[in-house]
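Peer 1: Have a look at this fold, sequence not included:
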């Protein structure tokens, strides 16, 4: 009788596993954005939070946790209960390249996070402050040459894409400028509009509205050609810097140890969101493209993180960007 009771309990436990997996999520899902409100990550995260909720049949909320170039938010996400109810939304900078600039942080995205899915690829745009009087990339580069080290780029913080991008541009051109770190691209864009910093390089999600609204003057866009959303903005190649090709991937991750069933459900909710016509329209308006299906899944994202950690670690070594 005792053996029969034990066998029954084992069968019940095995049967309960799939049920619990199917019941995920059991409460609101929180998406940590490791930057201040008002920037690209914040905008995209809110688009996706709204579009994911119907598929998950739960609310999805965004929590901004800024500081240390995204590291504080990433660490909070990595320490969260690994049950799928906490995610982090980041990009190539905070989820991969930032490690090259913070090697002693104790955080390693390859070890501490579980990839969920890549959802958007976004070109970088260089913009000048309207107060600067600069209206073209050649004019900006000429001013850099005449005033070495005196002009400034606003950045979202150490290791973010808006920090790596000017470092990459300066490396390609052999010029000098001061990099001014903020707690996110939103505050950096505010100071760009006010003329406190001379230039910012950020994703189209942030830059297109700022350019159209007159808070920034876009000078160049990365990629093989101009984009229809701002056809008046030349490419970096047209401006004389063909090597600047930064198009940024944006993605969701969960804490390490999150069950595979929860990861699969979350990834399915992202796929459902990407089929939503309203989300597709919002992404298209901001020149954000959806990666092909084979590049969106957790395994592909894991390979992408590993490749970009290696790529940007080598760049930092060659350029000395970490000393900026």
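Peer 2: Everything's here; your move. Computed from a predicted structure; not experimentally measured.
Peer 1: which non-adjacent residue is nearest residue 96?
Peer 2: In space, and not counting its chain neighbours, residue 96 is closest to residue 308: 3.7 Å by Cβ to Cβ, 6 or more residues apart in numbering. Every residue, glycine included, has its C-beta placed from N, CA and C.
Peer 1: Kindly apply the preceding question to residue 91 instead.
Peer 2: residue 250 (4.6 Å).
Peer 1: what are the bridge partners for the one you found, then?
Peer 2: As for beta bridges, residue 250 partners with residue 91, residue 120 under DSSP bridges.
Peer 1: per-residue confidence at it?
Peer 2: As predicted, residue 250 sits at a pLDDT of 97.
Peer 1: Next: residue 160.
Peer 2: Reading off the per-residue confidence, residue 160 sits at a pLDDT of 89.
Peer 1: tell me the strands in the stretch 151-300 of the chain, going along the chain?
Peer 2: For the stretch 151-300 of the chain, the strands defined by DSSP state E, counting those that start in this stretch occupy 152-155, 178-181, 199-203, 217-221, 247-255.
Peer 1: Buried residues, the second one. List them.
Peer 2: Just to be clear, that refers to strand 178-181. Neighbour-count burial for strand 178-181, with 16 or more other Cβ atoms under 10 Å as criterion, is recorded at 179-181.
Peer 1: can you check the longest one too?
Peer 2: When neighbours are counted by 16+ other Cβ under 10 Å, the buried residues of strand 247-255 are found to be 247-255.
Peer 1: State the pair within those that is farthest apart.
Peer 2: Within those, two members stand farthest from each other by Cβ to Cβ: 247 and 255, at 27.7 Å.
Peer 1: For this protein, give me the ranges with low pLDDT.
Peer 2: Low-confidence segments of the chain, defined by pLDDT under 70, span residues 1-22, 322-324.
Peer 1: how is it carved up into domains?
Peer 2: Taking automatic domain parsing as the domain assignment, the ranges for the chain are 27-121+249-323, 123-221.
Peer 1: Reformat the ones you listed into CSV and put distance to residue 227 next to each item.
Peer 2: Compiled in CSV, the domains of the chain are given as follows (distance: least, Cβ to Cβ, whole Å):
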stretch, distance to residue 227
domain 27-121+249-323, 5
domain 123-221, 6
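Peer 1: Deepest in the core, which of those is it.
Peer 2: Ranked by mean neighbour count, the domains of the chain are led by domain 123-221 with a mean of 21 (mean count of other Cβ atoms under 10 Å).
Peer 1: Can you get me the start-to-end distance on it?
Peer 2: Counting by Cα to Cα, to the nearest Å, you get 7 Å between the two ends of domain 123-221.
Peer 1: cool, and stretch 178-198?
Peer 2: From the first residue to the last, stretch 178-198 extends over 10 Å; the measure is Cα to Cα.
Peer 1: try stretch 132-142
Peer 2: Start and end residues of stretch 132-142 are separated by 13 Å (Cα to Cα).
Peer 1: what are the phi and psi values for the residue nearest to residue 90 when sequence neighbours are not counted?
Peer 2: Beyond its immediate neighbours in the sequence, the residue positioned closest to residue 90 (Cβ to Cβ, 6+ apart) is residue 34, lying 6.1 Å away. Dihedral pair for residue 34: phi -80, psi 50, per degrees, to the nearest 10.
Peer 1: and which of the buried residues of strand 247-255 is nearest to residue 215?
Peer 2: Minimum distance to residue 215 across the buried residues of strand 247-255 is 20.6 Å, recorded for residue 248 (Cβ to Cβ).
Peer 1: what residues are up against the residue nearest to residue 96?
Peer 2: Residues in contact with residue 308 (Cβ atoms under 8 Å, 6 or more residues apart in numbering) are 92, 96-97.
Peer 1: Residue 112: which of the residues you listed is nearest?
Peer 2: residue 96 (12.4 Å).
Peer 1: thought the closest one was touching residue 310?
Peer 2: No: proximity of residue 96 to residue 310 does not meet the contact threshold set by Cβ atoms under 8 Å, at 9.1 Å.
Peer 1: before we move on, back to that, out of the domains of the chain, which comes closest to residue 228?
Peer 2: Of all the domains of the chain, the one in closest proximity to residue 228, counting by Cβ to Cβ, is domain 27-121+249-323 (8.0 Å).
Peer 1: and that closest one, how far out from the chain's middle?
Peer 2: Put simply, domain 27-121+249-323 sits 7 Å off its chain's centre (Cα atoms, centre = their mean, to the nearest Å).
Peer 1: tell me what the host helix or strand of residue 62 is packed against?
Peer 2: Secondary-structure element containing residue 62, defined by DSSP states H and E: strand 60-64. When contacts are defined as 3 or more Cβ pairs under 8 Å, 6 or more residues apart in numbering; DSSP states H and E, strand 60-64 sits against strand 29-33, helix 40-56.
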